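> Return atomic coordinates for the entry below.
(4 chains)
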2 protein chains.
Amino acid sequence: MKIGEVSKLFDVPSETLRYYERAGLLLPVNRTENGIRDFDERDLHRVEFILRMRNAGLSIEVLKEYMRLVEAGDETITQRKDILIKEKEKLEQRIEEFQFTLNMLKYKICVYEKAVLLKEKELSEIDLE
Amino acid sequence: MKIGEVSKLFDVPSETLRYYERAGLLLPVNRTENGIRDFDERDLHRVEFILRMRNAGLSIEVLKEYMRLVEAGDETITQRKDILIKEKEKLEQRIEEFQFTLNMLKYKICVYEKAVLLKEKELSEIDLE
DNA sequence: GCTTGACTTTGAGTTAAGTCAAAGTGCTAT
DNA sequence: ATAGCACTTTGACTTAACTCAAAGTCAAGC
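So this is what the prediction gives:
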């Protein structure tokens, strides 16, 4: 699979994919004889993994380090696991905070809805914000 | 409450609070005779709200617009509600994606744990990454 | 009375993560 | 055979959201 197709598949610019490879978070993709990237299943999985993790807030730096360890082989399994555990914990905390904020939003929306109703009756006296 | 105390309370630089005010997402804080900001309860609530929303990914722009509407008075209630609903939906989606990624991480960590065990028995043959 | 923290304006610098442009080369599918 | 992707390197640019620096003033508390 060529870079343009991958780009469409994941809706991410080719330029970004090349940038990821250059930066070291996407391990070097196989090339055809004439030097064109030919993404295989494993590459696609890696791309998906990177995009998901980036989306969840993992930094380029962390992913770079993780992939460096992947490349380095079996000796690094524990280190890799530790990275993932750390990021998992961060993500869990982020989700918790998000949940809290989501509830805050829901509550506010609810208050606004009441205010709209009252307003329709020209009775509004709620302190909104 | 002076800006330095607020800064400590929320663990955010004074400079950022001033920046928020300047930018228009923190509505003008009352001043003492000599021009020093004196945060009251309402200001503190606003600061907390802003920080939470920023943390959840709402942009400065959106918060600015929202606060502009707050300032503009009761006529803008429906618009404000609409903003909050839109951001709520975005946040819900983000949380879902995060959950998915979290599960991915958990699964990977689990696989790594198995691999560590196998490795201890010098039997490792799992395809890890 | 001196240190500390508050204020102002203006403008520059920073960080992360892309994103684009130029310039030049080369394959491949219609 | 020509349009459309693909490649490279180098380097500049962008965006969001701060963050800091300078320069100068002012007020409060020990």
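> Close to DNA strand D: what parts of chain A are there?
Neighbours of DNA strand D within chain A, by C-beta under 7 Å from any atom of the strand: A:2, A:3, A:4, A:5, A:7, A:14, A:18, A:35, A:36, A:37. C-betas here are computed from N, CA, C, even on glycine.
> helices and strands around the helix or strand harbouring the fifth one, which ones?
Using DSSP states H and E, the element containing residue A:7 is helix A:3-10. Contacts of helix A:3-10 with other secondary structure elements, assessed using 3 or more C-beta pairs under 8 Å, 6 or more residues apart in numbering or on different chains; DSSP states H and E, are made with helix A:14-23, helix A:41-55.
> Not counting sequence-adjacent ones, nearest residue to residue A:95?
Spatial nearest neighbour of residue A:95, chain neighbours left out: residue B:98 (5.2 Å); criterion: C-beta to C-beta, 6 or more residues apart in numbering or on different chains.
> Now do the helix or strand where residue A:65 lies: distance to the chain's middle.
Element membership of residue A:65, judged by DSSP H and E, is helix A:60-72. Relative to its parent chain, helix A:60-72 has a centroid offset of 16 Å by C-alpha atoms, centre = their mean, to the nearest Å.
> ok, now stretch A:18-37?
With C-alpha atoms, centre = their mean, you get 21 Å for stretch A:18-37.
> wait, does that stretch make contact with DNA strand C?
Yes: against DNA strand C, stretch A:18-37 shows contacts by C-beta under 7 Å from any atom of the strand at A:19, A:20, A:32, A:34.
> Quick one: end-to-end distance for that stretch.
End-to-end span of stretch A:18-37 (C-alpha to C-alpha, to the nearest Å): 10 Å.
> before we move on, back to that, can you list the residues of chain A next to DNA strand D in a markdown table and add neighbour count, pLDDT and distance to residue A:24?
Formatted as a markdown table, these follow (neighbours: other C-beta atoms under 10 Å in any protein chain shown; pLDDT from 0 to 100; distance: C-beta to C-beta, whole Å):
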| residue | neighbour count | pLDDT | distance to residue A:24 |
| --- | --- | --- | --- |
| A:2 | 12 | 92 | 22 |
| A:3 | 18 | 93 | 17 |
| A:4 | 11 | 92 | 22 |
| A:5 | 11 | 93 | 23 |
| A:7 | 17 | 93 | 20 |
| A:14 | 15 | 94 | 18 |
| A:18 | 15 | 95 | 12 |
| A:35 | 6 | 87 | 19 |
| A:36 | 11 | 91 | 21 |
| A:37 | 19 | 93 | 16 |
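> Name the residue closest to the centre of chain A, please.
Central residue of chain A (C-alpha atoms, centre = their mean): residue A:55, 1.4 Å from the mean position.
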